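Q: Would you be able to build a 3D model of this:
(2 chains)
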Amino acid sequence: MSANLLTLSGVHTHIGPYHILHGVDLVVPRGEVTLLLGRNGAGKTTTLRTIMGLWRASKGTLTFDGTDITALSTPEIAERNIAYVPENMGIFADLTVRENMLLAARGAASEKQMDQQRLQWIFGLFPPVQKFWNFSAGKLSGGQKQMLAVARAIVEPRALLIVDEPSKGLAPSIVNNMIDAFAQLKKTGVTILLVEQNFGFARRLGDSVAVMDNGVVVHSGSMLALSEDAALQNSLLGLAI
Amino acid sequence: MNNSDFDWKPVALVPLLALLVFPLIGSGSTWLTLTVAGLAMGLIIFVIASGLTLVFGLMDVLNFGHGLFIALGAFVATTVLGSMSDWTQSDELWRNLVAVLPAMLVAMLVAGAVGLAFERFIVKPVYGQHLKQILITMGGMIIGEELIKVIWGPQQIPLPLPEAMRGSILIGDAAIEKYRIIAVVVGLIVFGALVWTLNKTKIGLLIRAGVQDREMVESLGYRIRRLFIGVFVMGSALAGLGGVMWGLYQQTVTPQMGAQVNVLIFIVIIIGGLGSTAGALIGALLVGLMANYTGFLAPKVALFSNIALMAAILLWRPQGVYPVANR
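A: Presented below is the predicted three-dimensional model:
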């Protein structure tokens, strides 16, 4: 078993006439939280969408758990126990919270068939999911929607959880709740890949980090090293912490 | 914030329209006759349009060939009912139903099978290309109509109502045609079955989710194209069923009947909000009532009335009465 759950090697992605990724090399170590950082337009979201097969890699390879997934369709990739929370959260606004959760539980045809023990654990992580169980998801607040999006992604055990900007637009108390939830998830052994703009959020969660710029990974290493090196942060992220 | 927040305003439009025209019609019995006729027509249109709106909602496919399945269903019914004349000419309703039910089932099977071929050979190559979809599906319908002429002939074929379904029931002074009551019952059964499937089954949940955000449904591990094929086939089968009902309503069938109804069903799904089943029902009922009321009150503007209705609705709600979230 490889130490890296996911490996991207020289991945290029074109969206129409635009060449977005210019040879991304990225490793996501098994059982760790990896943060993908970078300024707006650096290619972070495109990288996640390419991993999920939502945009096709025009060159390069993506390997998940020792299997080449470059040419697989999005459902085939998701079936390998990869969960994805997009930047817009992907909540089905016309469905209830319960229906959103049931939909993500691929093995359950009805609410009764959902893993009740796991559901209780998720309710503990994200209490609003239980509180608004039979409510329309479209009426939830931004923070509640983000909690639902992550809760939905983990309704069944996953090998890899990919989340695009989980702290975006959230109040500080909700951000803290998110950090606690991801920390608990990490303890269960799930590998997590997060795209994040909030360096404070990233620093509290990340084991390893990759920084992107202009469609390539320009730095990768441990989060600890980056968080202790102000000059490096400044040069990579323009931060002055 | 919960499901009791259902938006009832569009639902209220149906009784509102009926009540608004009541003083213009004057006679209560005439109003009742026209209203039942309008509801029957609306429910038949709903049966036809329900599949089309889901097809558009799930895959953004503009299928202008949907009318082919209507005509096909009606022509299949002429053959099935023609071969069961002993049953259709009986005075007993149950014997008539024994003939009509297989006609409906065979029409649904044939329309569904042709729908499967239509999706595989005509629609599949043009996913995501709206202009080509319009051209090729209209072309498919023209070819289908010509094939119907080859099999059944180019002439208009009578599709008489079975004996016990003819005539009217008197409610006070109002004469309500028996077949219209049957059409209302069949339409409500189809609507109930659709609502149950969409709200109580996992497949229905997937369809509702796919209409909102198909990319997210795929990201959850579901193959939405397979789901789409299933919905396309079911939508075609329902159009075949609607064709039988429409043919019996008109009592004649022509190869062009699908193209004629096509205009109405596109008005219905635009009024309803593309992808919305509940919206399609409201749109169909409004169109059915409007056609009957204006046909009585001002026959010269009857053809224009539904276009005017659509324009008025879109001025009120530009995305239709029940816009689908995330679209």
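Q: From chain B, how far off is the residue sitting furthest away from the middle of chain A?
A: For chain A, the residue at maximal distance from the C-alpha centroid (C-alpha atoms, centre = their mean) is residue A:112, at 27.9 Å. Distance of residue A:112 to chain B, computed by C-beta to the nearest C-beta, to the nearest Å: 12 Å. (C-beta placed from N, C-alpha, C; glycine too.)
Q: Let me see the contact set for that residue.
A: Residues counted as contacts of residue A:112 (C-beta atoms under 8 Å, 6 or more residues apart in numbering or on different chains): none.
Q: Same question for residue B:70.
A: By C-beta under 8 Å, 6+ apart, the contact set of residue B:70 is B:48, B:239, B:240, B:242, B:243, B:246, B:257, B:258, B:261, B:262.
Q: What ranges does chain A have for its helices?
A: In chain A, the helices defined using DSSP state H lie at A:44-51, A:74-78, A:97-104, A:116-125, A:127-131, A:142-153, A:172-187, A:199-205, A:223-227, A:230-237.
Q: do the same with chain B
A: B:9-25, B:28-59, B:66-82, B:85-88, B:93-118, B:130-152, B:178-200, B:202-212, B:214-219, B:224-250, B:257-272, B:277-297, B:302-316.
Q: Buried deepest among those helices, which one?
A: helix B:66-82 (a mean of 27; mean count of other C-beta atoms under 10 Å in any protein chain shown).
Q: per-residue confidence for the residue farthest from the centre of chain A?
A: Note on residue A:112: pLDDT of 93.
Q: Ok, residue A:2 next?
A: In this prediction, residue A:2 carries a pLDDT score of 75.
Q: For burial, what's the neighbour tally of it?
A: 12 (other C-beta atoms under 10 Å in any protein chain shown).
Q: Would you check how far apart the residue nearest to it when sequence neighbours are not counted and residue A:6 are?
A: Leaving out its chain neighbours, the residue that sits closest to residue A:2 by C-beta to C-beta, 6 or more residues apart in numbering or on different chains is residue A:66, at 6.0 Å. Note on residue A:66: its distance to residue A:6, by C-beta to C-beta, to the nearest Å, is 11 Å.
Q: quick one, which of these two is more surrounded?
A: Here residue A:66 and residue A:6 are compared on neighbour count by other C-beta under 10 Å; more neighbours surround residue A:6, at 23 against 10.
Q: mind checking how far the more buried one is from residue A:77?
A: Separation of residue A:6 from residue A:77 (C-beta to C-beta): 11 Å.
Q: interface residues of chain A facing chain B?
A: Contact residues (C-beta under 8 Å from any C-beta of the partner chain) of chain A with chain B: A:52, A:54, A:73-75, A:78-79, A:84, A:86, A:90, A:92-96, A:99, A:102-104, A:106, A:109-110, A:132, A:134-136, A:138-139.
Q: Would you mind confirming that residue A:59 is in contact with residue A:12?
A: Yes - counting by C-beta atoms under 8 Å, residue A:59 does reach residue A:12; the two are 4.0 Å apart.
Q: These two: who's more crowded?
A: residue A:12 (17 against 13).
Q: Next up, the contacts around the more buried one.
A: By C-beta under 8 Å, 6+ apart, the contact set of residue A:12 is A:19, A:21, A:22, A:23, A:24, A:57, A:58, A:59, A:60.
Q: go with 6 Å
A: The contact partners of residue A:12, by C-beta atoms under 6 Å, 6 or more residues apart in numbering or on different chains, come to A:21, A:23, A:58, A:59, A:60.
Q: Looking at the residues you listed, state which has the most neighbours.
A: Neighbour counts for the contacts of residue A:12 (other C-beta under 10 Å) peak at residue A:21, which has 27 neighbours.
Q: what pairs with that one across the strands?
A: residue A:13 (DSSP bridges).
Q: Now do the same contact list for it.
A: Contacts for residue A:21 (C-beta under 6 Å, 6+ apart) come out as A:11, A:12, A:13, A:43, A:46, A:215.
Q: 10 Å - rerun?
A: By C-beta atoms under 10 Å, 6 or more residues apart in numbering or on different chains, the residues touching residue A:21 are A:8, A:10-15, A:43, A:46-47, A:49-50, A:55, A:57-60, A:212, A:214-217.
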